[in-house]
Structure formats: C-alpha cells, structure tokens
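J.: Below: sequence and its predicted model.
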Amino acid sequence: MSPTLSPARIRAVFPVTSRAEARRIGEILRKETIGGMLLVAFAALALVWANSPWADAYFAIRDTEIGYEPWHLKLSLGDWAADGLLAIFFFLVGLELKREFVAGDLRSARTAVVPVVAAIGGVAVPALLYLVVVGASSSEASGWAIPTATDIAFAVAVLALVGSHLPGALRIFLLTLAVVDDLIAIAIIAVFYTDSIDLVPLLLALLTIAVYGVIAQLSRRLFHVRPVAAWLILLPIGFVAWALMHASGIHATIAGVLLGFTIPVLHRRADRADDSGPGLAETFEHRFRPLSAGFAVPVFAFFSAGVAIGGGDGLLSAAADPVVVGIVIALVLGKPLGITAATWIVTRIRRIDLDPALRWIDIAGVGVLAGIGFTVSLLVTELSFAAGSEHADHGKVAVLTASVIAALAAATVLGIRNRRYRRLAREIDGAR
C-alpha cells in the first residue's frame, strides 16, 4: 500500500462515526436540500413576477393587510411572512441550538471551539468590510449586519448536490458553523434592531414562554406519543407568546427561538432506555421541519425577494449603490476570509487542531459556501432600511446576487475537492 493510502490516512479521510450521528447528518442534508430548492424556486418566481407586466398584482398581494388591529396584528401578507411564518423557522433554529448545546457537538468545548470561532470570524469580517465600503458614519451603515448571516438550507442544498464524497467532518463543520451563525444573527436582531421596548407585553411574553416550557417539560411523554396534543395545547400558547413579543417591539421571530429553547432534549431519567427513541426536541424537529422548509421559508422568500429591478437602468443604479457593493464584497469575499482566517488563528493555539480529515482548501470552500446569505440576510435588509426605499430594494438585489455568486463559486471549489475525494476512495477500495 502506498504511503498516501496508509491506515492512518484512510481513517483521517473516512473516519468511523457513530451510526446515529451519520444518520442524523444524512437526514438533515436530505431535508435541507429539498428546502433549499423550494427556497430558490419561490424566490425566483417572485423576482420574475415582480419584473413582469403583471408586477402590480404581485405587489398588491404582498401588501394586502389582514389581522386584528386592536392587537396590533393587522399586517400585510409580507409582514405576516417575515414576522409570523419565519418564527416557525426560528423555532426550529432554537430546537437545533438547544440540541447541539445539550447533546450535540457544541456540548464539548474542545469539539466546538473551531467552528464556533470560525462562525465569529465569518460574522465580524463581512460586517467590517461592509462598513469600510459604505463608511461607518454614513446612513447606509445601518445595514452592517446584512452580510453576517448564512442560509443553512441553501448552503446545505449546494453541499448535498456537489459533495457526495466530501468528508463527513466537513458537513459537521458546516452545520455547526451555521448553527452558531444563526445564534449570533438572532442576538444581533434582538439587540441592534429593536428601536423601543414596551416592558409590559415583553414581561407577559416571557411569562407565557415560561408557562409553555413548564408544560412541555412536564408533559413531554404526552407530546411525544400524541402529536395532536402539541397542536391543541402548545400551539395556542406559542401564538400568544409570539403576539405579545410582537407587541413589545422586539422582533417577533425571537419568540420562536425562545420557545424552541424550552423544549426538552433528553428523556426524563426514569424514562431513559436503549429503545426510548429520540427526545422531544428531536421529535418536534422531525415533525415541524417540513412545515418550515416546505412552506414557511419559501413563502417568506416569495414575499421578500420580489424586487422591481427596473431593467438595465435599474441594474446600473443598483450597481452604483455602495450598499450593493458592500453586501456583495462582504458575502462573497468577507465570509471565506473571515472563516478561514479565524480557523487558522484558533488552530495555532496548543491542543486545538483542525480535524485530520480536512484540508485548508476544504475550509476555504465552506467559507465561500457560507457567503450564501438569503433568508436571514433578506430579513435583516428589511429591518435595516425603510420598506420600499431604494436601499431596501438594492439590498435585496445584492443579497440575491451575492448568494448566487457564492453558490456557483462554492460548487466549483467543492466540486473539484469532491472529485479528488472520489478518486481517493476508489484507490482505497482497490488497495483493500
């Protein structure tokens, strides 16, 4: 056997992982791939419709208001998608975050430190690049957080399409990085995009979330074996918490995250056994992910991505806007630079090493892939600039453009690496 195909090399490239972990990663990839495809399809439909002769119909639908005014819930369909449907997506984010902290890779500091630091670098560098382009004291500086987020559904969809033979460690690195990225994005939205807070609704919202959590903890077995019970008991309480959070002035999607954090990950000690199955958080994630990936996020993308570009003149106007230039540079260049540099820096510390299955070109490829902003970036664009303003529309064009560039670039880099790993796998099979 040649030196490149030594047992250590085989274990490094194709490490033995637990069957449960491999199955979990595979399930996430399959679900997020479908969600990513739907996301792209609905966003493309909105963009085409908004620039067609029937554009007025699209904007009329998006701006149609429904809801109960006394409760401050008379919102346009676009706002219902951004504030309401996206709360489902953030509920799933909350579930995934808690699962990772309690039973996943983030529970071990040594395992989590590299992707966590990489995520921090992937947030800080794009924000700094954006501010360098637009000017830290300019009015456009309010959009500094737009290029900080990674769209996990879109990114994993690209990875699944081109990465059939990439190391499992690379998929885990991307998922962990994206989970931490989501956590940072949530904190940014809660802290920097809240103009004023009404304390009474906020306290009532937190109290309602606490009640929700107590019921989920005490009745975890009921919700585990009877799915309808969650819809009849937890859903109404969750909606009240969401409405109160919306009334408080804090973006209502934060309620989704907090509700997700209250769901127990593990079974009660008395109920644990080898055949006890997944905990309630994993069960809820399995039940509700199709609703998020198949409906909530694509509908949000449909109402958010519809921007009237205005033909060639509109494209020229957008290209000259510092907001567009800043977002595209930050996502396409800032993300891979921040992630790769932060990973390199943290691995210089003693006893913190890069997974032996990975190479630096793999990390750089994931960094490029993380430049796909989309869902959360579109949401932050709406929070950064006034609805209907030139910067808001240009910001969305920039997010869409940068996401496409990042997806194509990542597909090229990771596709080349995938072919390399495929050849290595064949050589190993032949040497056995």
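T.: Perfect, I can see it now.
J.: Next, count neighbours for the residue nearest to residue 280 when sequence neighbours are not counted.
T.: Nearest residue to residue 280, sequence neighbours excluded (Cβ to Cβ, 6 or more residues apart in numbering): residue 220, at 4.6 Å. The way it works is simple: take the backbone N, C-alpha and C, and place the C-beta from them, glycine included. Counted with other Cβ atoms under 10 Å, residues neighbouring residue 220 total 20.
J.: distance of residue 220 from residue 46?
T.: 39 Å (Cβ to Cβ, to the nearest Å).
J.: now residue 203
T.: Separation of residue 203 from residue 46 (Cβ to Cβ): 38 Å.
J.: How about residue 91?
T.: The gap separating residue 91 from residue 46 is 24 Å, by Cβ to Cβ.
J.: So those two - more neighbours on which side?
T.: For residue 91 versus residue 46, the count of surrounding residues by other Cβ under 10 Å is larger for residue 91: 27 against 21.
J.: hang on, the more buried one packs against residue 256?
T.: Yes - between residue 91 and residue 256 there is a contact at 3.9 Å, judged by Cβ atoms under 8 Å.
J.: For the stretch 101-250 of the chain, which segments count as strands?
T.: Using DSSP state E, counting those that start in this stretch, no strands are found in the stretch 101-250 of the chain.
J.: low pLDDT regions in it?
T.: By pLDDT under 70, the low-scoring segments of the stretch 101-250 of the chain are 105.
J.: ok, which stretches of it are helices?
T.: Here the stretch 101-250 of the chain has its helices, by DSSP state H, counting those that start in this stretch, at 109-134, 152-162, 168-192, 199-218, 220-225, 227-229, 235-248.
J.: mind checking which of the ones you listed is nearest residue 348?
T.: helix 109-134 (11.2 Å; Cβ to Cβ).
J.: And the closest one, what's buried?
T.: 112, 114-127, 129-131, 133-134 (16 or more other Cβ atoms under 10 Å).
J.: and if you look at stretch 187-206?
T.: Residues of stretch 187-206 classed as buried by neighbour count (16+ other Cβ under 10 Å): 188-189, 193, 201-202, 204-206.
J.: which stretch among the helices of the stretch 101-250 of the chain comes nearest residue 76?
T.: Evaluated over the helices of the stretch 101-250 of the chain, closeness to residue 76 peaks at helix 235-248, with 13.8 Å, by Cβ to Cβ.
J.: after that closest one comes which helix or strand?
T.: Next along the chain after helix 235-248, taking DSSP states H and E as the criterion, comes helix 253-262.
J.: Counting by contacts, list what the next helix or strand after that next one packs against.
T.: Of the helices and strands lying after helix 253-262 in sequence (DSSP H and E), the nearest is helix 280-291. Judged by 3 or more Cβ pairs under 8 Å, 6 or more residues apart in numbering; DSSP states H and E, helix 280-291 is in contact with helix 19-50, helix 86-103, helix 220-225.
J.: For helix 280-291, give me every contacting residue.
T.: Helix 280-291 is contacted from outside by 31, 35, 88, 91-92, 95-96, 98-99, 216, 220, 223-224, 227, 230, 260, 263-265, 277-278, using Cβ atoms under 8 Å, 6 or more residues apart in numbering.
J.: Longest helix of this structure, counting residues only.
T.: Identified as the longest helix of the chain according to DSSP state H is helix 390-431.
J.: Run a quick neighbour tally on residue 210.
T.: If you count neighbours by other Cβ under 10 Å, residue 210 ends up with 13.
J.: typo on my end, it should be residue 214
T.: 11.
J.: again with residue 283
T.: 19.
J.: What distance separates the opening and closing residues of stretch 340-360?
T.: With Cα to Cα, to the nearest Å as the measure, stretch 340-360 spans 8 Å from end to end.
J.: Chain neighbours aside, what residue packs nearest to residue 252?
T.: Nearest residue to residue 252 in three dimensions, chain neighbours excluded: residue 246, at 3.9 Å (Cβ to Cβ, 6+ apart).
J.: Quick check: that neighbour touching residue 74?
T.: No - contact criterion Cβ under 8 Å: residue 246 and residue 74 do not qualify, at 11.6 Å.
J.: between these two, which one's more packed in?
T.: residue 246 (24 against 12).
J.: Just give the nearest non-adjacent residue to residue 253, would you?
T.: Residue 253 sits nearest to residue 90 (Cβ to Cβ, 6+ apart), 4.4 Å away.
J.: Could I get the contacting residues of the one you found?
T.: Residues 186, 253-254, 256-257, 260 are the ones in contact with residue 90 under the rule Cβ under 8 Å, 6+ apart.
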